[in-house]
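Visitor: Pasted the sequence and its predicted model underneath.
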Amino acid sequence: MTEHRSDPQLTDAGLLRHFLTIDGLSRQHLTDILNLADSFLNVEDRTIKKVPLLRGKTVATLFFENSTRTRTTFDLASKRLSADLIHININTSSTAKGETLIDTLRNLEAMAVDMFVVRHGASGAAHFIANKVSPGIGIINAGDGCHSHPTQAMLDMYTIRHFKKQFTGLKVAIVGDIMHSRVARSQIHALSCMGVTDLRLVGPQTLLPKKGHLWPATLFTNVEEGITDCDVVILLRLQKERMVAGLIPNEHEYFRYYGMTKERMLHAKPDAILMHPGPINRGVEIDSRVADGKQSVILDQTHYGIAIRMAILSSVMDTQVKTRQSRRIGYEH
Amino acid sequence: MTEHRSDPQLTDAGLLRHFLTIDGLSRQHLTDILNLADSFLNVEDRTIKKVPLLRGKTVATLFFENSTRTRTTFDLASKRLSADLIHININTSSTAKGETLIDTLRNLEAMAVDMFVVRHGASGAAHFIANKVSPGIGIINAGDGCHSHPTQAMLDMYTIRHFKKQFTGLKVAIVGDIMHSRVARSQIHALSCMGVTDLRLVGPQTLLPKKGHLWPATLFTNVEEGITDCDVVILLRLQKERMVAGLIPNEHEYFRYYGMTKERMLHAKPDAILMHPGPINRGVEIDSRVADGKQSVILDQTHYGIAIRMAILSSVMDTQVKTRQSRRIGYEH
Amino acid sequence: MTEHRSDPQLTDAGLLRHFLTIDGLSRQHLTDILNLADSFLNVEDRTIKKVPLLRGKTVATLFFENSTRTRTTFDLASKRLSADLIHININTSSTAKGETLIDTLRNLEAMAVDMFVVRHGASGAAHFIANKVSPGIGIINAGDGCHSHPTQAMLDMYTIRHFKKQFTGLKVAIVGDIMHSRVARSQIHALSCMGVTDLRLVGPQTLLPKKGHLWPATLFTNVEEGITDCDVVILLRLQKERMVAGLIPNEHEYFRYYGMTKERMLHAKPDAILMHPGPINRGVEIDSRVADGKQSVILDQTHYGIAIRMAILSSVMDTQVKTRQSRRIGYEH
């Protein structure tokens, strides 16, 4: 299967050795992860919410950006897989003493860490690390700059499949700051890969892709129009930085034109689901009655996020274990 | 047993589903916890200091106030019960990004956290959370404002029972800033509940309850008089904020009139025990010779604190597991 | 074996009850640790990288100085021995509230912590704590001031033995800020103990020991001369504080005269190994081509560091368990 040869996240046999981006993965890859997550969801219903799949393996979170929520989900996913977990606080680490990122990485490798969960403010950081890491060690992208947040997109796909059963024929709208959102980028790839053909991107002109873009989606600046007849409405979190940068006037104006209210949701299908990656800004991109309403599946997304991350961690580890023919080659002098 | 119906921490059957305050608990409830702690104390003497009671359960500490000591005791208690533990750092969490406390809580629930250990600067915070939390999840109050610190009071009861065998007939004095102390409030409830009738509150007028108070205790401004013939002398930590607020002049003056010295302790019974919730201020509320003397049981309190917290965590979890008929109702759409 | 009687880290029978300094240990002690580390190195090659040796034991890291790397190695070593681990953040702990270090220590003892891993900016801090700690609890020195960093020296000995097979006849140079380095101090003791007789200390006059010193080593200010015919070249990290203090002019000048380049390394033996405790300053004490070159065993040092720390933790725990005749004496009133 030579088509995978140059893909940094797949082995020659097409197995997932890192999880960096949705781009380049097949529908089968995504479906395998969703199905594996199904089996992990049952783990939570057990009296003992643990499986020994990663027992004796070491997972390190390497977060260059703060994100308690995402880190907590990986923390819980690792513990429920029985892994040993270490958190590397980059601000107080050797990197802060002038050590290069690669040196920090090599040292953690030398400590026999099996997998890194990386979050970084720069687009491409996880790919960069995946290219530099020694064979046998898996990299999971937990968000890099404006580029990608693939584990979020996977839990979104899980949520959609759970409530809508299939992707074919679905109408899906993503509403908000599409331009700067790594979540949106990963969702667009994933939805397209799963067979969604009616995808709408909705937001103010300043936050939408430019004309001539190649995204498999239609653009809307009018939110009522954009979500009309949709099965799935996905809101994005509005970042305060966009106001500072002058791309939108202020929170109230944004809410007035794009905030999701009960009235606006009437334009979508009556059984439409409403999603949001969290944390939500009540009264900015979403009205409280919608956030807490019947169509909201926001907490379900969080719920499925643990099982999805368990599925991704264990898939990548599985590939790495299989391909570790001669472990720790770098230390055999 | 309808008398429990409106009590947020008890089920209709009178079982402990949260642990928020001593107020409203019966002597039987307290005695059950003390007896259960007895059995956990033996765990520490084993070669392997662990029991599998909470294996596969997730405990989250949610500390809005720093307290390394209290958090460490819950950390150790959870680990010795084999639970998985996550620490939520509120300062860097989504709550800091503008998410409401309830949204943070709902998200952690959705991650299948089984129990929250909450510390907050506002009185009533743990009750507030207990009222909002989904069925099946237990809340432990690890200190809320000036209101309550019930796990501290329980370890104090354990210590008193250990050294004095029974509560009936005991004379107990609490010395210090009674007015602003959540520890004192919980101790007063617990001592009263356990049958102590001769309870004295000792301190400067500015730090004692006002006239007309309904506490089951006698007030003293003279410390020698207050501790006379006592079996148990409990000191409170003097907070620097009281000096800033002008309620007491300074540390030296406080020590001169209320600091516990060997000479002062002679007023209590010869076999009296001396207690303090820690951390102690040597030379402020306590003289070093007393802190390190034969009557001091301060380190025993710390020691019993782990077993008491194991008892409380496992009692609450036990109730929650029993009452989880349909787990995760909120996620069954 | 009365010769051990006054040694704080050895029992009367010569067993290691703390690990504070290399000074005073015999070649047999060091060799036993190296051999034990051999057996732990295999643990990393297993599918499940864990042994149950410290199951149910509690290890607390007590770091008064930040050091992500050293703390992470002890974290991983403890987890791979199946211990429960707690990190005490001294900045937010009770010590910050005015509690004395000894009170903090006594409280952690009372929580049934079995071992403390201590890092402190003051020389002698680990000894001080070892003198104060209750019987049955082990202290590991993870670096104290300019005094000692014995676990680092042990992993260095492991690395040298691994690559050079024996110590007799080896020529070893340590290059850098000898005067202020706890790493160098511990290495000198360890190398001397293991039988190295040709030991050279190389650096600018301002960073070398003064004339009349009693160290078993020859001093060199010329680096080419100092490393001539060496089997092992150990570089030290250059601390920025030395420049501020005026002991060296600046990084570029240091590199010009002492930075290890490929050309300079030609003065050592062709099969010489190059070591560095990390984190490395590329372009200051070491050129990148040397750091990443064939002679560099810097990452091997990190790698062996986990196994060495597992060996030290389990040796000390083993002694403490043996000598705990009456556990928790302080709490038997």
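Guide: That came through fine. Being a predicted model, the structure only gives us computed values, none of them experimental. Numbering: from 1, shown residues only, chains lettered A, B, ... in the order given.
Visitor: Which positions in stretch A:48-65 come out as buried?
Guide: A:49-51, A:53-54, A:56-65 (16 or more other C-beta atoms under 10 Å in any protein chain shown). The C-beta positions use only the backbone N, C-alpha and C, and glycine is treated the same way.
Visitor: out of the residues you listed, which touch chain C?
Guide: With the criterion set as C-beta under 8 Å from any C-beta of the partner chain, the members of the buried residues of stretch A:48-65 near chain C are A:56, A:57, A:58.
Visitor: nearest to chain C, of the buried residues of stretch A:48-65?
Guide: If you rank the buried residues of stretch A:48-65 by distance to chain C using C-beta to the nearest C-beta, residue A:56 comes first, at 3.0 Å.
Visitor: ok, which stretches of the stretch 151-300 of chain A are strands?
Guide: A:171-175, A:198-202, A:218-220, A:232-235, A:273-275 (DSSP state E, counting those that start in this stretch).
Visitor: Check which helices and strands the longest helix seen in chain A sits against.
Guide: Across chain A, the longest stretch assigned as helix under DSSP state H is helix A:298-323. In terms of contacts (3 or more C-beta pairs under 8 Å, 6 or more residues apart in numbering or on different chains; DSSP states H and E), helix A:298-323 is packed against helix A:27-41, helix A:68-80, strand A:115-120, strand A:138-144, helix A:150-164, strand A:273-275, helix B:101-110.
Visitor: So what angle separates the directions of the second one and strand A:138-144?
Guide: Yep, that's helix A:68-80 we're talking about. 160 degrees (axes from the mean of the first three to the mean of the last three C-alpha atoms, to 10 degrees).
Visitor: Is the helix or strand following helix A:68-80 positioned near chain B?
Guide: Per DSSP states H and E, the first helix or strand lying C-terminal to helix A:68-80 is strand A:84-89. No. Applying C-beta under 8 Å from any C-beta, one finds strand A:84-89 separated from chain B by no less than 9.9 Å.
Visitor: any idea how far strand A:84-89 is from the chain center?
Guide: Distance, stretch centre to chain centre, for strand A:84-89: 20 Å (C-alpha atoms, centre = their mean, to the nearest Å).
Visitor: Can you give me the neighbour number for residue A:266?
Guide: 12 (other C-beta atoms under 10 Å in any protein chain shown).
Visitor: Let's see the pLDDT reported for residue A:71.
Guide: Per-residue pLDDT puts residue A:71 at 91.
Visitor: In contact with it, which residues?
Guide: A:61, A:63, A:87, A:119, A:142 (C-beta atoms under 8 Å, 6 or more residues apart in numbering or on different chains).
Visitor: Just the ones of the buried residues of stretch A:48-65 in strands?
Guide: A:58, A:59, A:60, A:61, A:62, A:63 (DSSP state E).
Visitor: Once you drop chain neighbours, what's closest to the last one?
Guide: Read that as residue A:63. Distances taken as C-beta to C-beta, 6 or more residues apart in numbering or on different chains put residue A:119 closest to residue A:63, at 4.6 Å, once the chain neighbours are dropped.
Visitor: Next, the distance between the ends of stretch A:203-210.
Guide: 12 Å (C-alpha to C-alpha, to the nearest Å).
Visitor: From the chain's centroid, how far away is that stretch?
Guide: 22 Å.
Visitor: related to what we said a few turns ago, any chance of the ones in strands among the buried residues of stretch A:48-65 in CSV, plus pLDDT?
Guide: Formatted as CSV, those follow (pLDDT from 0 to 100):
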residue, pLDDT
A:58, 96
A:59, 97
A:60, 96
A:61, 95
A:62, 93
A:63, 90
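Visitor: In those residues, find the pair that's most separated.
Guide: The largest separation in those, counting by C-beta to C-beta, is between A:58 and A:63 at 16.3 Å.
Visitor: isn't residue A:312 right up against residue A:153?
Guide: No. With contact defined as C-beta atoms under 8 Å, residue A:312 does not reach residue A:153; the gap is 11.1 Å.
Visitor: Run through the residues that contact residue A:227.
Guide: A:173, A:175, A:200, A:202, A:233, A:264, A:265, A:267, A:268, A:272.
Visitor: Can you give the domain ranges for chain A?
Guide: When chain A is parsed with automatic domain parsing, its domains come out as A:2-148+A:305-331, A:150-302.
Visitor: Including distance to residue B:293, could those domains go into TSV?
Guide: Supplementary listing: the domains of chain A in TSV, determined by distance: least, C-beta to C-beta, whole Å:
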stretch	distance to residue B:293
domain A:2-148+A:305-331	40
domain A:150-302	52
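Visitor: end to end, how far does stretch A:9-22 reach?
Guide: First residue to last in stretch A:9-22 (C-alpha to C-alpha) measures 10 Å.
Visitor: Point out the residues in the stretch 101-250 of chain A that sit beside chain B.
Guide: residue A:163.
Visitor: For the stretch 101-250 of chain A, which residue gets nearest to chain C?
Guide: residue A:110 (3.8 Å).
Visitor: can you tell me how far that residue sits from residue A:121?
Guide: To residue A:121, residue A:110 is 26 Å away according to C-beta to C-beta, to the nearest Å.
Visitor: List the beta-bridge partners for residue A:115.
Guide: On DSSP bridges, the residues paired with residue A:115 through beta bridges are residue A:59, residue A:138.
Visitor: Could you double-check that it sits in contact with residue A:57?
Guide: Yes. At 7.1 Å, residue A:115 and residue A:57 qualify as touching, with contact defined as C-beta under 8 Å.
Visitor: what residues are shared contacts of the two?
Guide: Joint contacts of residue A:115 and residue A:57 (C-beta under 8 Å, 6+ apart) are residue A:317.
Visitor: I'm done for today, thanks for sticking with me.
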